[in-house]
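*Asks:* When you get a sec, could you give me coordinates for this:
(one chain, ligands or ions: 1)
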Amino acid sequence: MSVSQNAGAKASSHFDAVIVGAGFSGLYQLHLLRDKLGRSVRVLEAAGGIGGTWYWNRYPGARCDSESHYYCYSFSRELQQEWRWSERYPEHPEIRRYLNYVAERFNLLPDIQLNTKVMRADFNDESNRWVIQTESGEQFEATYLVTAVGCLSTANVPNIAGLDDFGGDWYHTGHWPHEGVNLAGKRVGLVGTGSTGIQATPVIAEQAEHLTVFQRTANYSVPARNRPLDDAMQAWIAGNHDEIRLQARRTTNGHPFDIPELSALDVSDAERAALYEAAWERGGLRFRATFKDLITNREANETASEFIRDKIRSIVKDPATAEKLVPHDHLYATKRPPIDTNYFETFNRDNVALVDLKADPIDRIVKEGIRTQAGTHPLDVIVFATGFDALTGPLFGLNVHGSDGVALKDVWADGPRTYLGLQTPGFPNLFTITGPGSPSVLTNMPVAIEQHAEWIADCIAHMRDKGASRIEATREATEKWVAHVNEAAEATLLPMASSSWYLGANVPGKPKVFMPYAGGLAHYRQICADVAANHYDGFAIS
Ligand code: N01
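*Replies:* Numbers count the residues shown, from 1 in each chain. Coordinates of the predicted model:
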């Protein structure tokens, strides 16, 4: 059952499943449902190409913070053996080449419809099917609707007065022009110092005549230590596929390294400093795993936070600039920790200036640039590295209406309420990959994505075997899960970072609710496996 690609037919096309999004999640879900289960599937993708977040995020310096040999699929040993990554951390074009290779290798493209933006999805209680409408007026019907829209795909452009008056060009990093932006000879202002701003700053500083970084919250960052992957590393990756895969699956964050059973408070000052120094030299997100209690014990975390503060002071030559860059209002890794290549060093350049917006807030944007209380900063280009309406934003963008026409946006008005992050009561046959209430953004995403896609495929196979046509999370199971998600967050330091996007705090008006599941990926995998083994406990199937 299918319609021809981009046929533009206005009549309804019927499928067993419609998947929204053709990034890591959508591609693998298509492969599983179509090739393992023999279901008819259509992937609808708003972009003009595959890649999901990597289709859009092409800003200077955009590369993945997870290492290439595990920021990839692990389901196929053959695929892993065929593909050679060039660097420790893959840059955005290489990730797109990889995903396009995967799509061709598994012949996924014929079932992916590009340039197709979903405008609305309604559940029909009589037929137990979803009706999906696109911007061009096409209509699709499917028993299952799987959202594979990513967690960080709805750009957050701050509502700063005067943006329309700006005489230059402005861009959000998440919608960077595909042809690139020539910054040579330009005075650039960059707003935002999250992972994106910290990646972009050193690269823009090299391209532009002058860069002004507008920082609202100082951030911790650890060197990435990127490098080309040499033959020895390539051979090691090729020879250790199974071990890498298994280890990533059994850890808290989906990274293939274990966290030692050692508290930061159980070692001498000298030992602790030596371990942090070694982790700093090794580079990357693994710094967070130097001790077992950095995310759970304030005193332990303070030792890591202070180590990084001292590093900032030692790297940045001007003491006043260094002090502005030192974070004090949150603890290390309670917001998603960035990693960088020469971020703090960049503030030693003559063509880079830092504006501390806490001391000197933005007044408005004017024709000439950004005006803060202290005066106007003349700019030709403004770059907003201001993040995303995370987790719920991409789902609300689909305009989903469940049983009785109820809108997901209304049901989640006070924050998302899911069972396992996979389903919401009132929205039968709707599955969300890496949704709120699942470990998602607290993990190395491909590992979390594979687990979700496999669980959903197994569930749909179960439905087929039972001859069932409707599955819906129960309210009771959902309430219990929401309570558990809160409990898991409270057992960590993560909710303490009050401006974190994990809490939705970066979007004005968004309810402040800790959205991802902080109980760890390995634990979560086991819970999901137990639910399935226990006849899909917590789901009503008919
Ligand atoms: O966004 P962010 P991001 N005026 O929300 C500031 C993933 N990622 O794009 O902290 C002035 O973290 C805001 O300030 P504050 C990764 O999961 C992955 O950097 O709210 N400033 C903050 O400094 C990451 O966490 C990779 O006070 C304003 C910044 O903008 C997530 O994407 C690479 C402002 C936003 O930081 C989001 O990162 C890059 C305003 N009105 C990113 N509004 C990979 O490696 C916001 N800010 C895969």
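*Asks:* Based on its surroundings, how many neighbours for the residue lying closest to residue 197 once chain neighbours are set aside?
*Replies:* Nearest residue to residue 197, sequence neighbours excluded (CB to CB, 6 or more residues apart in numbering): residue 385, at 3.5 Å. Using the backbone N, CA and C atoms, a C-beta is placed for each residue, glycine as well. Using other CB atoms under 10 Å, residue 385 is surrounded by 24 other residues.
*Asks:* can you check residue 426 too?
*Replies:* Residue 426, neighbours per other CB under 10 Å, totals 21.
*Asks:* Please work out the average pLDDT along the helix or strand residue 364 falls within.
*Replies:* Remark: residue 364 resides in strand 362-366, with elements defined by DSSP states H and E. On average, the pLDDT along strand 362-366 is 98.
*Asks:* Check stretch 151-159 too.
*Replies:* pLDDT averaged over stretch 151-159 gives 95.
*Asks:* and that stretch, how far out from the chain's middle?
*Replies:* 12 Å (CA atoms, centre = their mean, to the nearest Å).
*Asks:* I'd assumed residue 203 was in contact with the residue nearest to residue 197.
*Replies:* No - the pair residue 385 / residue 203 is not scored as a contact, 11.7 Å apart, by CB atoms under 8 Å.
*Asks:* And for the strand holding residue 364, what's in contact with it?
*Replies:* Outside strand 362-366, the residues within contact range by CB atoms under 8 Å, 6 or more residues apart in numbering are 160-163, 165-166, 214, 370-373, 376, 382.
*Asks:* Which residue is the nearest non-sequential neighbour of residue 229?
*Replies:* Per CB to CB, 6+ apart, closest to residue 229 is residue 85, 5.8 Å.
*Asks:* The one you found contacts residue 68, correct?
*Replies:* Yes - look at residue 85 against residue 68 with CB under 8 Å: they come within range, at 3.6 Å.
*Asks:* before we move on, the earlier item: any quick PyMOL command for the buried ones out of the contacts of strand 362-366?
*Replies:* Burial among the contacts of strand 362-366 is assessed by 16 or more other CB atoms under 10 Å; the matching PyMOL selection reads:
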select buried, resi 160+166+214+370+371+372+382
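*Asks:* and of the contacts of strand 362-366, the nearest to residue 357?
*Replies:* Minimum distance to residue 357 across the contacts of strand 362-366 is 5.7 Å, recorded for residue 214 (CB to CB).
*Asks:* Rebuild the contacts of strand 362-366 as TSV, extending it with secondary structure and distance to residue 14.
*Replies:* Output for these, formatted as TSV (DSSP: H, G, I helix; E, B strand; the rest coil; distance: CB to CB, whole Å):
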residue	secondary structure	distance to residue 14
160	coil	46
161	coil	49
162	coil	50
163	helix	44
165	helix	50
166	coil	48
214	strand	51
370	strand	52
371	strand	56
372	strand	56
373	coil	59
376	strand	58
382	strand	46
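*Asks:* Please tabulate the contacts of strand 362-366 in CSV and include distance to residue 103 as additional columns.
*Replies:* Shown next, in CSV, are the contacts of strand 362-366 (distance: CB to CB, whole Å):
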residue, distance to residue 103
160, 39
161, 43
162, 43
163, 37
165, 43
166, 39
214, 38
370, 41
371, 46
372, 46
373, 50
376, 48
382, 35
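*Asks:* do you know how far whatever residue of the stretch 51-200 of the chain ends up closest to the ligand is from residue 506?
*Replies:* When scored by CB to the nearest ligand atom, the stretch 51-200 of the chain has residue 194 as its residue closest to the ligand, at 2.3 Å. Separation of residue 194 from residue 506 (CB to CB, to the nearest Å): 9 Å.
*Asks:* Now do the shared contacts for the two.
*Replies:* Residues touching both residue 194 and residue 506 (CB under 8 Å, 6+ apart): residue 387.
*Asks:* Tell me who's in contact with the nearest residue to residue 290 once chain neighbours are set aside.
*Replies:* Excluding its sequence neighbours, the residue lying closest to residue 290 (CB to CB, 6+ apart) is residue 279, at 4.6 Å. Going by CB under 8 Å, 6+ apart, residue 279 touches 222, 286, 287, 290.
*Asks:* if we go to 10 Å?
*Replies:* Shown in contact with residue 279 (CB atoms under 10 Å, 6 or more residues apart in numbering): 222, 286, 287, 288, 289, 290, 291, 304, 307.
*Asks:* Quick one: residues contacting residue 260.
*Replies:* Each residue near residue 260 by CB under 10 Å, 6+ apart is listed here: 275, 289, 290, 291, 292.
*Asks:* Show me what from this protein comes close to the ligand.
*Replies:* 64-65, 152, 158, 191-197, 199, 216-217, 336, 357, 385-388, 441, 499, 501, 506 (CB under 6 Å from any ligand atom).
*Asks:* Pull the number of nearby residues for residue 158.
*Replies:* Neighbourhood size, residue 158 [other CB under 10 Å]: 16.
*Asks:* hang on, it is in a strand, isn't it?
*Replies:* No - read with DSSP: H, G, I helix; E, B strand; the rest coil, residue 158 is coil and lies in no strand.
*Asks:* I'd like the distance between it and residue 382.
*Replies:* For residue 158, the distance to residue 382 - CB to CB - is 11 Å.
*Asks:* Name the residues contacting each of those two.
*Replies:* With CB under 10 Å, 6+ apart as the test, residue 158 and residue 382 both reach 172, 191.
*Asks:* nearest residue to residue 339 other than its sequence neighbours?
*Replies:* residue 224 (4.3 Å).
*Asks:* And the pLDDT at the one you found?
*Replies:* 98.
*Asks:* Please apply the same query to residue 11.
*Replies:* Reported pLDDT for residue 11: 60.
*Asks:* Looks to me like residue 140 is in a helix.
*Replies:* No - under three-state DSSP, residue 140 falls outside any helix and is assigned strand.
*Asks:* That one: what's it in contact with?
*Replies:* By CB under 10 Å, 6+ apart, the contact set of residue 140 is 3, 9, 12-15, 18, 42, 44, 113, 116, 118, 121, 129-134.
*Asks:* Can you list the buried residues in stretch 122-137?
*Replies:* Those would be 122, 123, 128, 129, 130, 131, 132, 133, 134, for stretch 122-137 by 16+ other CB under 10 Å.
*Asks:* Actually, stretch 469-482.
*Replies:* For stretch 469-482, using 16+ other CB under 10 Å, the buried residues are 469, 470, 471, 472, 473, 477, 478, 481, 482.
*Asks:* For the fifth one, grab phi and psi.
*Replies:* With angles defined as degrees, to the nearest 10, residue 473 shows backbone torsions of phi -60, psi 140.
*Asks:* quick one: it and residue 427 touch, right?
*Replies:* Yes - here residue 473 reaches residue 427: they are 8.2 Å apart, a contact under CB atoms under 10 Å.
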